[in-house]
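Q: 3D model of this:
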Amino acid sequence: MQKFQIPTIPTPIDKMEAKRKEATSLSFIGDAVHTLAVRSRLVLSQDVKTGVLHHLASKEVNATSQAIALKRIEGVLTEDETDVYKRCRNTRQTTMAKHASAVDYKIASGFEGLIGYLYFTGQSERIAELLELAYNTED
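A: Coordinates of the predicted model:
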């Protein structure tokens, strides 16, 4: 399967500045980066209609799948990454996913926050590495 293509931020910010961002803002951008990475991988790996692509992407870009993905990478996260994940996971949620448990939704928010933090700090290679581990189903 095609590897993940991760967008890069033109001007990364330092880790301390990224940590000062609102957890919900990190999750907001992380959701977009994750979605783009998944959609890019799907488009590059197969030649199918957009409806099929959307269906395939929806299987990976949802709270339940993101919670599973986070659980697969949790053991390889650095202390810094774990701190960011936990902060974003523990943020008070004002919305809830329609088709996921509250626990999965919180974990998914943490996952997205971690991706957002890595994106803002210019760590695209690390995002790709984590997504490869998270979505490697050949175990």
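Q: mind checking the SS state of Asp47?
A: The three-state assignment at Asp47 reads coil, by DSSP: H, G, I helix; E, B strand; the rest coil.
Q: From Tyr135, how far out is it?
A: Distance from Asp47 to Tyr135, counting by Cβ to Cβ, to the nearest Å: 20 Å. All C-beta spots, glycine's among them, are computed from the backbone N, C-alpha and C.
Q: Which one of the two is surrounded by more residues?
A: Using other Cβ atoms under 10 Å as the criterion, Asp47 and Tyr135 rank with Tyr135 on top: 18 against 7.
Q: Pull the contacting residues for that one.
A: Residues near Tyr135 by Cβ atoms under 8 Å, 6 or more residues apart in numbering: 60, 69.
Q: Also Ile107?
A: Ile107 sits next to 63, 66-67, 70-71, 89 when contact means Cβ under 8 Å, 6+ apart.
Q: Now rank the residues you listed by neighbours and give me the top one.
A: Sorting the contacts of Ile107 by how many neighbours each has (other Cβ under 10 Å) puts Gln66 first, at 26 neighbours.
Q: for the contacts of Ile107, which one is nearest Ser25?
A: Nearest to Ser25, judged by Cβ to Cβ, of these is Arg89 at 14.7 Å.
Q: Next one: the closest one, what pLDDT does it get?
A: For Arg89, the pLDDT comes out at 91.
Q: what does the helix or strand where Thr24 lies contact?
A: Remark: Thr24 resides in helix 23-45, with elements defined by DSSP states H and E. Contact with helix 23-45 is made by 1-7, 18, 53, 56-57, 60-61, 66, 84, 87-88, 90-91, 109-117, 119-120, 127-128, 131, as judged by Cβ under 8 Å, 6+ apart.
Q: From the chain's centroid, how far away is it?
A: Taking Cα atoms, centre = their mean, to the nearest Å, the mean C-alpha location of helix 23-45 is offset from the chain mean by 6 Å.
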